[in-house]
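Undergrad: Okay, predicted coordinates and the sequence, questions at the end:
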There are 2 protein chains.
Amino acid sequence: MGYKVAVVGATGMVGQEMLKVLEERNFPVDEIRPLASARSKGKKVLFKGAEVEVEELTADAFDGLDFALFSAGAGVSREFSPIAAQKGVVVIDNSSAFRMDPEVPLVVPEVNPEDAKKHKGIIANPNCSTIQMVVVLKPLADRYGIRRVVVSTYQSVSGWGKEAVDQLWNELEFIMDKCPRASAEQLKDEIRSAGLRQVLAHPIAFNVLPHIDVFADENYTKEEWKMINETKKIMHLPDILVTPTCVRVPVLKAHSEAVNVELKSDFGSIEEVRRLLSSSPGITVLDDVEKTVYPLALDVAGLDDVFIGRVRRDLTLPYGLNMWIVADNLRKGAALNAVQIAELLIS
Amino acid sequence: MGYKVAVVGATGMVGQEMLKVLEERNFPVDEIRPLASARSKGKKVLFKGAEVEVEELTADAFDGLDFALFSAGAGVSREFSPIAAQKGVVVIDNSSAFRMDPEVPLVVPEVNPEDAKKHKGIIANPNCSTIQMVVVLKPLADRYGIRRVVVSTYQSVSGWGKEAVDQLWNELEFIMDKCPRASAEQLKDEIRSAGLRQVLAHPIAFNVLPHIDVFADENYTKEEWKMINETKKIMHLPDILVTPTCVRVPVLKAHSEAVNVELKSDFGSIEEVRRLLSSSPGITVLDDVEKTVYPLALDVAGLDDVFIGRVRRDLTLPYGLNMWIVADNLRKGAALNAVQIAELLIS
């Protein structure tokens, strides 16, 4: 009574996490089919304690499947998602290929589960930094209304993929070997002249980069545009105003966000806001500053919820809030959200 | 024709930078007198190629001086600044002790140089994260007016002092030795159980902490209150609205800030804003996203200016801007600003 499920991009960071999440949540899998490019063909991945051989991604590879979870880049999704869908496979696509397509639902199960059922074969999984924000914005919008959001992100290297994680480790290894405890001035020279492989635009060790994905209209990055546009679509709020700055930090896993929200009506007390968020799905409130309790990227790696802390009144607005939102970008920001969408469809 | 200058806290990170800046800028020093606690008495510091012995900080130590640059914590400043001032020494104090005292000018030379001359013996040097922001806000406020600022910071460990720098290096050394290339999940366990000395509230390697200085009213940190209150005082704009979130990142030196500004009037084009900022004192515009040019913490360590990039229209406001502001927190954020104040007084 189970399902036949493909994971496309099974050897990538998100693909690996998808296999892990399907297993952990006991998604009813009859057959798992890890797919990847010809280069990875024959590699083994682990699923429920067994080694499963990676097959090459071809049109035929989708025959007989129920679900295909895609996380192999927008190009692969654009080519193979429609093929899979035509064969009757439900595609849940983690790339940006179809997110803004009006025919494709963009779903965060805590926010717009009803959209999932309206799919025509493809459902899009939103961008990681958007998912964790809308999980928190949803209960606030329902209760108080939201006019405007100013968000600054602190995003981990795993959001870019394995090679950015390697870049950070390579830089740190180089520094600890060549110039441990160097001054900031020395460090800059050493690391800039080391000639290490660089997939991000600049070194990331001991640095923060205000640059995620490529630059687009109005000198916003695509990552910033995703936060603006995807938020409107997921929340069904075409008028919600979002102004983001997306920044990469030397963290392995989990994105953090400083979020300023202008509400449309009075929220009473901060305690009331905390209670509302605590009782909302997918959220854990960690907010006891006297005990230095607030969510931390280091601590939430591997956890499922969206974590929120430092909930404070914005003293410059009649109804404003400042908050700190942290989630594992590979889980809730990608793999977990995709599996939750599949769960919605079989429930 | 020179001056007799004491540096109080001469062995600390800011004190060291003060000595370096006095030397580099050829401040007319006849006598340098490094002062510190009894513990550091007899240590040597370097000034203009010569070793100078550190003297113990006592009331007598200020006899015959013209200037005393303090950077030894608020407690030391509260005790010794009035003593020095009473002896006719002009105190430039980098601590938070007197910043909000209505009798004490709080000065950023590019913003309110005229206030320096009104001192009664003590001039306060503002908080690092405030200084770099107001240098940029000043020309915008003069030309367009500013209604509200939302700021998220990415502050380096050196802002806390030497021990926080040590904490970051210790954690990195531990990780590279004990569990190099660990997963984020392993890393958390290893680092949380390592028992390393921790002066920040939590581990900082591979992490970001939404917590700088202690918590105060409304669950804002003191660092956040400094950005709110000092900005009003320095800019002589009691009504300017500032809502900050201050965050520590694993960077050695230089603070970065994502700053959203609501202006009161039309700024024309982004190009016009860039031109205005380029021609304003103490600012370097680095803003060519096509060539991945924007200011980076790694690169500005040791440099004097406030660097600005990613200047973009905030599409959610009639007259709004987003910007990325980076400066060396020990130089413009502390030592350089203090020496510039002294320069104002002798000019």
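TA: Looks like it came in fine.

Undergrad: From here on, just use CA atoms for contacts and neighbour counts.
TA: Fine.

Undergrad: if I look at A:P180, how far off is chain B?
TA: Distance of A:P180 to chain B, computed by Cα to the nearest Cα, to the nearest Å: 8 Å.

Undergrad: and if you look at A:R331?
TA: Noted for A:R331: a distance of 12 Å to chain B, by Cα to the nearest Cα.

Undergrad: Is stretch A:311-320 positioned near chain B?
TA: Yes. Using Cα under 8 Å from any Cα of the partner chain, stretch A:311-320 comes into contact with chain B via A:R312, A:R313, A:D314, A:L315, A:T316.

Undergrad: Do me a favour and get the end-to-end distance for that stretch?
TA: Length of stretch A:311-320, first residue to last, Cα to Cα, to the nearest Å: 10 Å.

Undergrad: on that earlier part again, please list only the buried members of the residues of stretch A:311-320 next to chain B.
TA: Buried members of these, counted by 16 or more other Cα atoms under 10 Å in any protein chain shown: A:R312, A:R313, A:D314, A:T316.

Undergrad: what's the third one sitting at in phi/psi?
TA: Taking degrees, to the nearest 10, you get phi -80, psi 110 for the backbone angles of A:D314.

Undergrad: so it makes contact with A:S269?
TA: No. The criterion here is Cα atoms under 8 Å, and A:D314 misses it with A:S269 at 11.9 Å.

Undergrad: Tell me where the stretch 201-347 of chain A has helices.
TA: In the stretch 201-347 of chain A, the segments counted as helices under DSSP state H, counting those that start in this stretch are A:222-235, A:270-278, A:297-300, A:336-346.

Undergrad: what distance separates the start and the end of stretch A:237-252?
TA: In stretch A:237-252, first residue to last residue: 33 Å (Cα to Cα).

Undergrad: Would it count as contacting chain B?
TA: Yes. Residues of stretch A:237-252 contacting chain B under Cα under 8 Å from any Cα: A:L241, A:V242, A:T243, A:T245, A:V249, A:P250, A:V251, A:L252.

Undergrad: So which bits of that stretch are buried?
TA: By 16+ other Cα under 10 Å, the buried positions in stretch A:237-252 come out as A:240-252.

Undergrad: And for stretch A:332-346?
TA: A:K332, A:G333, A:A334, A:A335, A:L336, A:N337, A:A338, A:V339, A:Q340, A:I341, A:A342.

Undergrad: Tell me how many other residues surround the residue nearest to the fifth one when sequence neighbours are not counted.
TA: The one in question is A:L336. Closest residue to A:L336 apart from its sequence neighbours, by Cα to Cα, 6 or more residues apart in numbering or on different chains: A:V21 at 6.2 Å. Residues lying near A:V21 (other Cα atoms under 10 Å in any protein chain shown) number 20.

Undergrad: where do the strands sit along the stretch 201-347 of chain A?
TA: Ranges of strands in the stretch 201-347 of chain A, per DSSP state E, counting those that start in this stretch, are A:241-245, A:255-263, A:283-285, A:306-313, A:320-327.

Undergrad: Switch these over to JSON lines; also include mean pLDDT.
TA: Formatted as JSON lines, those follow (pLDDT from 0 to 100):
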{"stretch": "strand A:241-245", "mean pLDDT": "98"}
{"stretch": "strand A:255-263", "mean pLDDT": "99"}
{"stretch": "strand A:283-285", "mean pLDDT": "98"}
{"stretch": "strand A:306-313", "mean pLDDT": "98"}
{"stretch": "strand A:320-327", "mean pLDDT": "98"}
